[in-house]
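# Take a look and give me a structure for this.
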Amino acid sequence: MRTLPGVRHPPNPRVPPPTCDGPPTASVEALFRDYAPRVRAYARRHTSPDECDDVVQETFLIAWRRRTELPADPLPWLLVVARNILSTRRRSGRRADQLWLAAARDLWRMPDHASPETAVLERERHLAALAACTRPEREALLLVAWDGLSAADAAAVAGCSPRAFAVRLSRARARLSRALDAGPAAPTLTPRLAQETS
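From the prediction side, this is the model:
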C-alpha cells in the first residue's frame, strides 16, 4: 500500500470503497463536509486567505482521485496532501515572482525626456509597489495596464467572473496607490501602469 511521507496509518488503513448503491463521490462529499474546515484552518496558517480555498479544493480533488487509498483517520493524510500542495505553490510562486519582476524590468518604458537616473528610480519605486500586491492583484493590474485588456476580457484570462475581477482590480489599485504613497518620493512620471492607481 502506498502512503504519503510522514503519515502513519491506523491498523485499519482504508475507508471502505464506494459501493454500487450510491454515487462514487458520496464518500468524498461526506469527507469534505467533515474535514474541509480543518484543512482550510491548516492552509490558512501557511498561506494568504486568497489561496486557502484553492488549496482546499485541490486537496479534496486529490482525495477523490485517490479515494480507495484514504485511511480510516483521513485528517493526517489530508493535511499531508495540503502541505505538499502548499509547498508546490510556494516553489511555483517564487519562480513566478522572479519571472514577472525580470519581465517588468525589461519591458518598462519611461518617457524619452526622463534622465536615466530618474527613470531607474521611478521604475524601481513602481516595481516595489507592485511587489506589495498579491499575485492575483498584480496580474489584474498587468492584464489591464500592460496587456490593454478590458475588464471583461481580463476576467476571462484570469479565470474568474467579471464581478470578482472588478473587486480584485479595485483592491490592486488601492494597494498599489498606498504602496506608492508610502514609498520614497520620486519625480512623477506616469506610464500607463501608474495611471491604473487612479
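
# What strand or helix carries residue 34?
Element membership for residue 34, per DSSP states H and E: helix 26-44.

# now for the longest helix anywhere in the chain, which elements pack on it?
In the chain, taking DSSP state H as the definition, the longest helix is helix 74-107. Counting by 3 or more CB pairs under 8 Å, 6 or more residues apart in numbering; DSSP states H and E, the packing neighbours recorded for helix 74-107 are helix 26-44, helix 49-65, helix 116-131, helix 135-145. For the C-beta atoms, the positions are set from N, CA and C on the backbone; glycine is no exception.

# Touching the second one from outside, list them.
Think helix 49-65. Applying CB atoms under 8 Å, 6 or more residues apart in numbering, the contact partners of helix 49-65 are 25, 28, 31-32, 36, 39-40, 43-44, 47, 70, 74, 77-78, 81-82, 85-86, 89, 134, 136.

# Just the C-alpha atoms of that helix, please, in CSV.
In CSV, the C-alpha atoms belonging to helix 49-65 read as follows (Å, rounded to 0.1, in the frame of the first residue of the first chain):
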residue,chain,number,x,y,z
PRO,A,49,-6.8,33.9,2.7
ASP,A,50,-6.9,34.4,-1.1
GLU,A,51,-5.3,31.0,-1.7
CYS,A,52,-6.9,28.9,1.1
ASP,A,53,-10.0,27.9,-0.9
ASP,A,54,-7.8,26.8,-3.8
VAL,A,55,-5.7,24.6,-1.5
VAL,A,56,-8.8,23.0,0.0
GLN,A,57,-10.3,22.3,-3.4
GLU,A,58,-7.0,20.8,-4.7
THR,A,59,-6.7,18.7,-1.6
PHE,A,60,-10.2,17.2,-2.0
LEU,A,61,-9.8,16.7,-5.7
ILE,A,62,-6.7,14.5,-4.9
ALA,A,63,-8.8,12.8,-2.2
TRP,A,64,-11.5,12.0,-4.8
ARG,A,65,-8.9,10.6,-7.3
